[in-house]
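Novice: Just to be clear, the model below is a prediction. Sequence and coordinates:
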Amino acid sequence: MAAAVRGAKRSLRAELKQRLRALSDEERRRQSLFVTQQVLAHSHYQKASRVAVFLSMPDEVRTEDIVLDVFRRGKACFIPRYRPGSRHMDMVRLASPQELAGLPRTAWNIPQPPEDDPREEALAGGGLDLIFMPGLGFDGSGRRLGRGGGYYDAYLRRCREQQAARPYTLALAFREQLCPQVPVDEDDEPVDEVLYEGCRAPGAGAAAGAQPDTASE
Ligand SMILES: Nc1nc2c(c(=O)[nH]1)N(C=O)[C@@H](CNc1ccc(C(=O)N[C@@H](CCC(=O)O)C(=O)O)cc1)CN2
Ligand SMILES: Nc1ncnc2c1ncn2[C@@H]1O[C@H](COP(=O)(O)OP(=O)(O)OP(=O)(O)O)[C@@H](O)[C@H]1O
Ligand SMILES: [Mg+2]
């Protein structure tokens, strides 16, 4: 990608990490609860039967209550299994929420099944209906800044190539992660919608999607 974009991403990442560090645990908990409620009421979530959920790191919207709800509703749950040092990531089947406690942790302290643990990969089975998207920053047009691994960008491209219908992508964010404009290059896949405290009419339809509002700054 162009050097200018790379530099712009690097400095925005640093700024967003700083902003996230300044959030108290209580504030993260409060906003996570809010976003979780939006998810549970969301039409795309309610109708999805195969869902990919990231297992949150401390500076991300907490997803454990979403994972529990996915199982409660009998949906199939998939979690990321990424290969460090590559851009490769699979979404592999999680059998139960109880299983999480026993999974080994990656270098980033994310629970993840070992590479030699045979599991159903979402795209090898029936594909995915919905992917929850992590990230450091998002803008009102659905542009997304991740942590720089390129894992989700590459995975969404695979979905596009291998699935008949593209999965719906729903980003989960603290309001502090909304940016006026996120720099992107040709490999960056946009998200369909960003959920955060202050976003408009979640679940009211894709057209209402990733619209900016006054929470952007
Ligand atoms: N919860 C969660 N799981 C996920 C992702 C994610 O963003 N969130 N990923 C999304 O791709 C993949 C893992 N990719 C990751 C890429 C970078 C870092 C990370 O912490 N990087 C350091 C800086 C790295 C460096 O420059 O040395 C950091 O952000 O502090 C973590 C996960 C798959 N699983
Ligand atoms: N589909 C792809 N094929 C090959 N390289 C890719 C693809 N998608 C992204 N990349 C490359 O991966 C690197 C990291 O991309 P980028 O900085 O956008 O990561 P990110 O979106 O922050 O990470 P993530 O998607 O894991 O959250 C870049 O060099 C980018 O060009
Ligand atoms: Mg990207």
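Specialist: Ah, there it is. Ligands and ions are numbered 1, 2, ... in the order given.

Novice: ok, now how distant is the closest residue in space to Leu123 that isn't next to it in sequence from ligand 1?
Specialist: Excluding the flanking residues, the one nearest Leu123 by C-beta to C-beta, 6 or more residues apart in numbering is Gln162, at 5.1 Å. (Glycine included, C-beta is placed from N, CA and C.) With the distance defined as C-beta to the nearest ligand atom, to the nearest Å, Gln162 ends up 19 Å from ligand 1.

Novice: swap in Thr106?
Specialist: 7 Å.

Novice: residues from this protein in reach of ligand 1?
Specialist: 54-57, 60, 80, 82, 89, 108, 110, 134, 146-149, 151-152 (C-beta under 6 Å from any ligand atom).

Novice: now for the longest helix along the chain, which elements pack on it?
Specialist: The longest helix of the chain (DSSP state H) is helix 3-21. Counting contacts by 3 or more C-beta pairs under 8 Å, 6 or more residues apart in numbering; DSSP states H and E, helix 3-21 is packed against strand 137-139, strand 144-145.

Novice: Nearest to Leu172 among these would be which one?
Specialist: Proximity to Leu172 (C-beta to C-beta) singles out strand 137-139 among the helices and strands packed on helix 3-21, at 9.6 Å.

Novice: if you look at that closest one, does any of it touch ligand 3?
Specialist: No. Figure legend: strand 137-139 not in contact with ligand 3 (C-beta under 5 Å from the ion); closest approach 10.8 Å.

Novice: and that strand, what does it pack onto?
Specialist: So strand 137-139, by 3+ C-beta pairs under 8 Å, 6+ apart, packs with helix 3-21, strand 144-145, strand 178-179.

Novice: would you turn these into JSON lines with mean neighbour count, distance to Glu186 and mean pLDDT?
Specialist: Converted to JSON lines, the helices and strands packed on strand 137-139 look like this (neighbours: other C-beta atoms under 10 Å; distance: least, C-beta to C-beta, whole Å; pLDDT from 0 to 100):
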{"stretch": "helix 3-21", "mean neighbour count": "14", "distance to Glu186": "10", "mean pLDDT": "97"}
{"stretch": "strand 144-145", "mean neighbour count": "24", "distance to Glu186": "14", "mean pLDDT": "98"}
{"stretch": "strand 178-179", "mean neighbour count": "22", "distance to Glu186": "20", "mean pLDDT": "98"}
